[in-house]
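Enquirer: the sequence and its predicted three-dimensional model are supplied below.
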Amino acid sequence: MRVMVIVKASPSSEAGELPSTQLLEAMGNFNEQLVKAGIMKSGDGLKPSSTGVRVRFRGDERIVTDGPFVETSEVIAGYWVWEVASMDEAVQWAKRCPNPMKEESDIEIRPFFEMDDFAANDPDGKVAAHEDRLRTSVAMQDSTLAPYLFFAGRCDEAIEFYKHALGATVAMLMRFNESPDPVPKGMLADGFETKVMHATVHIGKLTVMCSDGCDDKSTFDGFRLALSLPLEDDCKRVFDSLAQDGKIDMPLSKTFWSPLYGMVTDKFGVGWMVMVPGDNS
């Protein structure tokens with residue numbers, strides 16, 4: 001179950017007094033314990049209510065009131081979101097928390113509603129499905145997407161090629177014989193023990209992950225990497241570099257979406273679309 005653990009404000013927190021070094025260190029250690037236990041999902045401290053506002057809803061009217069707000073018992077100074085097995089577990093963790101204030105203080109624990117709680121008012125599950133989509137959208141806002149290329153035993157050669165053609169830089173590289181965990185027996189083709197298990201390569205603002213794979217059977221089908229450069233001269237130079245020992249699928253030319261656009265398959269079989277962005281790109 002998810003619970004919100006609410007740190008109530010106190011006169012010192014409302015006065016804007018910052019926690020001491022000792023309290024910061026103690027809270028840091030407590031948070032570390034929560035993280036290691038898989039309990040803490042998020043948490044933050046809040047500035048005094050003097051920096052906030054309240055919006056009161058009265059029919060169609062919206063009344064905005066600037067802080068501070070007098071009753072500290074109604075004001076929050078910070079919070080955590082915990083994932084716990086029960087309220088009793090949450091209480092036990094809260095008891096281990098350092099006193100967050102220099103004076104007496106309160107921590108309130110409140111369970112979150114789950115969609116199952118509203119099942120009677122959502123008999124067809126439409127609201128639950130909508131909430132699931134929203135949760136996915138929120139999670140994806142902080143996600144990253146990177147292509148992962150398997151070079152069938154030619155990863156070292158490909159990385160060197162992209163260093164010269166595209167100014168690529170290697171953030172990390174690990175070979176199969178350097179793996180902290182042993183590679184399962186029979187997984188690798190003969191001679192692949194020293195091949196690249198994983199590499200992270202940066203090309204401009206793009207992160208590309210790559211590997212030799214476990215054998216020489218990999219091919220690049222059904223996709224292309226779209227590479228945009230701001231200047232036409234750079235676009236031409238990079239296009240020509242990628243075309244060395246490769247194949248030009250569409251020469252660089254002006255299109256309705258780009259002042260300069262072309263397609264090339266490099267010598268490793270990776271397809272590229274190289275372009276100067278247009279006004280609507």
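Expert: It's in.

Enquirer: and the strands in the protein?
Expert: All strands of the chain, identified by DSSP state E, fall at 2-8, 40-45, 53-58, 61-66, 76-83, 107-111, 148-150, 169-175, 196-203, 206-211, 225-228, 247-253, 260-265, 271-276.

Enquirer: so which bits of the fifth one are buried?
Expert: Within strand 76-83, the residues that qualify as buried by neighbour count (16 or more other C-beta atoms under 10 Å) are 76, 77, 78, 79, 80, 82. No exception for glycine: its C-beta is placed from N, CA and C like everyone else's.

Enquirer: check contacts around residue 193.
Expert: By C-beta atoms under 8 Å, 6 or more residues apart in numbering, residue 193 lies in contact with 175, 176, 177, 183.

Enquirer: show me where this protein dips below the pLDDT cut-off.
Expert: The model of the chain has pLDDT under 70 over residues 72, 280-281.

Enquirer: how close does the most far-flung residue of it relative to its centre get to residue 211?
Expert: Relative to the centre of the chain, and counting by C-alpha atoms, centre = their mean, the farthest-placed residue is residue 59 at 39.7 Å. Using C-beta to C-beta, to the nearest Å, residue 59 is found at 62 Å from residue 211.

Enquirer: circling back to that earlier point, relative to residue 168, which of the contacts of residue 193 is nearest.
Expert: Closest approach to residue 168 among the contacts of residue 193 (C-beta to C-beta): residue 175, at 18.4 Å.

Enquirer: specify the beta-bridge partners of the closest one.
Expert: Beta-bridge pairing of residue 175 under DSSP bridges involves residue 196.

Enquirer: neighbours of it, how many?
Expert: 17 (other C-beta atoms under 10 Å).

Enquirer: spit out the contact partners of it.
Expert: Applying C-beta under 8 Å, 6+ apart, the residues near residue 175 are 193, 194, 195, 196, 197.

Enquirer: ends of stretch 95-106, how far apart?
Expert: Criterion C-alpha to C-alpha, to the nearest Å; first-to-last residue distance in stretch 95-106 is 11 Å.

Enquirer: stretch 179-193 too?
Expert: 10 Å.

Enquirer: mind listing what's buried in that stretch?
Expert: By neighbour count on 16+ other C-beta under 10 Å, the buried set for stretch 179-193 is 188, 189, 192.

Enquirer: leaving out the residues flanking it, which one is nearest to the first one?
Expert: Looking back up the chat, that one is residue 188. residue 214 (5.3 Å; C-beta to C-beta, 6 or more residues apart in numbering).

Enquirer: I figured that neighbour hits residue 187, correct?
Expert: Yes. At 5.6 Å, residue 214 and residue 187 qualify as touching, with contact defined as C-beta atoms under 8 Å.

Enquirer: helices of the stretch 101-250 of the chain, residue ranges please.
Expert: Taking DSSP state H, counting those that start in this stretch as the criterion, the stretch 101-250 of the chain carries its helices at 126-141, 155-166, 232-243.

Enquirer: export those helices to JSON lines and tack on mean neighbour count?
Expert: Shown next, in JSON lines, are the helices of the stretch 101-250 of the chain (neighbours: other C-beta atoms under 10 Å):
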{"stretch": "helix 126-141", "mean neighbour count": "11"}
{"stretch": "helix 155-166", "mean neighbour count": "18"}
{"stretch": "helix 232-243", "mean neighbour count": "17"}
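
Enquirer: do you know which of the ones you listed lies nearest residue 52?
Expert: That would be helix 126-141 among the helices of the stretch 101-250 of the chain, by C-beta to C-beta, at 23.2 Å.
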